[in-house]
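Sequence first, then the predicted structure, then my questions.
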Amino acid sequence: MDYLEIWEKAKEELKEIGLPYSMWIEPLQPVSFDNNNMLLVTAHALAPQLIKSQHNDKMLSALKHATNTDASYKIFYDEDYAQKYQKEKKKELLTRKKQPTKEEIMMNNLAQMQSSANLNLKYKFSNFVVGENNRMAHAVAMTVAQNPAKKYNPLFIYGASGLGKTHLMQAIGHYIIFNKPKLKVKYIKTEEYFNELIKNLQTGGNDKTNRMDKFRQKYRNVDVLLIDDIQFLESKTFTMEEIFHTFDTLHNNNKQIVITSDRLPKDIPTLPDRLRTRFEMGIMVDLTPPDFETRVAILKNLAEMSGINAEFSVYEYIANNFVNNVRELEGAFNKVSAFADIEKTDLTLEFAKKVLKCEEQSKQITIFDIVEKTAKFYEVTVDDFLSSARNQKVSNARRVAVYVARELTKMSFEAIGEYLNKKHTTMLYSYDKIKTDMKTDRELENSVKEIIKQIKG
């Protein structure tokens, strides 16, 4: 059989077993079948993620029965094909002269979710692992999703990078779109909002006023606004002004606002009081690094979603060595599973140790090594680092040490702050400042590189 016949046979089985056929399978178009791998294109941007996460076993089973082999598949979104497919569907509806089916209505809603709300399908409540570190935040987020603008408004979620703030925020958006389709949801990163604002301000022409009006309505004519990484507002005066008026417009019209940040409003330098007090007027919930049990559960969930089999000891090993946040935890597991796939080997504890080399790395560098070398470079003492001294020389050296510690070790901001006798929010600010300043300060960049070189020997 050629690939067209194979796909037609597989489609017959998929239609019979009750999979949402017209929504996900019918829009798939086969492109090739090489080395037992079926390549398909889809008309829906959500399909590659959703089919893989929710219907992978059924797809593999149908292809296996159609080919009598352990065939695999890959799905890609094709914009040209999508436009052609949608035109054909519209013509079909006009020809039939009848109301669209429930599945067709749902598909339109999903398409709107992808294009208008700007959400990533993988961030849902169903795959958010709840532990002691995020139980309160999850409960509040679910309440907001179920009853937007009724109880907690605004919702301010804060915590260090990689702990699940974006996941939780976008899960709210997905829940509302699926369960309250009449509500309009919009997600935006603060940095993207800033860039879009600047683009509208800088573009020449006589229609600047109209462009700005459209820009403002884009974010004010919604029922739920999700603003990610609000800490990037810092020092952006005009952007703060726009956010202030957008906030007031939405809040006064009883619309839900959800905000994430890596720190509390009071810890964001230059944030004006009128914005700070508005961010604090609803409820603020924090996310902290997951405990061991939660880290293991996150890894098991990730493996199940990816269809990966691993020894339980692999989860324990990674959970013991990657403790700062979910992002690095997932990164370590993805690295191990990718190497196992490439080398066609089982994902065992021995293999994980070989790939990650955690023991080797942990023996090489300590926080004391970093502080000692950084202090010597800047001609200050270790005691200065641990003191309350705030002179510029010590403060700069301390910030660099925080940055280097995060780059070379697995220490959390809380652990670094505990060693230096400082708050974890101060450590977070120090890291972000050095990371940002290095982009424009070549001397600082060279100094950091030299310190890292000396530490590594």
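Cool, got the structure.

drop to CA atoms for contacts and neighbour counts, all remaining ones
OK.

Confirm that residue 187 sits in a helix.
No - assignment of residue 187 by DSSP: H, G, I helix; E, B strand; the rest coil gives strand, placing it outside any helix.

Enumerate every residue touching residue 249.
By Cα atoms under 8 Å, 6 or more residues apart in numbering, the contact set of residue 249 is residue 220.

mind checking which helix or strand the residue at minimal distance from the centre of the chain is in?
Closest to where the C-alpha atoms of the chain average out (Cα atoms, centre = their mean) is residue 166, at 5.1 Å. Using DSSP states H and E, residue 166 maps to helix 165-179.

same check, this time on residue 329
helix 326-343.

CA atoms only: put that helix into CSV for me.
What follows is helix 326-343, C-alpha atoms only, in CSV (Å, rounded to 0.1, in the frame of the first residue of the first chain):
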residue,chain,number,x,y,z
VAL,A,326,10.3,22.8,37.4
ARG,A,327,11.9,24.1,34.3
GLU,A,328,15.4,22.7,35.1
LEU,A,329,13.8,19.5,36.4
GLU,A,330,12.0,19.0,33.0
GLY,A,331,15.2,20.1,31.2
ALA,A,332,17.2,17.4,32.9
PHE,A,333,14.6,14.7,32.1
ASN,A,334,14.3,15.8,28.5
LYS,A,335,18.0,15.6,28.1
VAL,A,336,18.2,12.1,29.5
SER,A,337,15.2,10.8,27.5
ALA,A,338,16.6,12.4,24.3
PHE,A,339,20.0,10.7,24.7
ALA,A,340,18.3,7.4,25.5
ASP,A,341,16.2,7.8,22.3
ILE,A,342,19.3,8.6,20.2
GLU,A,343,21.3,5.7,21.6
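
what residues does that helix touch?
For helix 326-343, using Cα under 8 Å, 6+ apart, the contacting residues are 162-164, 289-290, 295, 298-299, 302, 308, 318-319, 322-323, 346-347, 351-352, 355-356.

what about 7 Å?
162, 163, 164, 299, 322, 346, 347, 352, 355 (Cα atoms under 7 Å, 6 or more residues apart in numbering).

For that helix, which residues meet the burial criterion?
326, 328, 329, 330, 332, 333, 334, 336, 337, 339, 340 (16 or more other Cα atoms under 10 Å).

Pick out the most distant pair among those residues.
326 and 340 (21.1 Å; Cα to Cα).

Tell me, domain by domain, which residues of the protein belong where.
3-81, 125-287, 292-357, 365-456 (automatic domain parsing).

among the contacts of helix 326-343, who's most crowded?
Within the contacts of helix 326-343, most neighbours by other Cα atoms under 10 Å means residue 352, with 26 neighbours.

How about that one, nearest residue that isn't a chain neighbour?
Closest residue to residue 352 apart from its sequence neighbours, by Cα to Cα, 6 or more residues apart in numbering: residue 336 at 5.9 Å.
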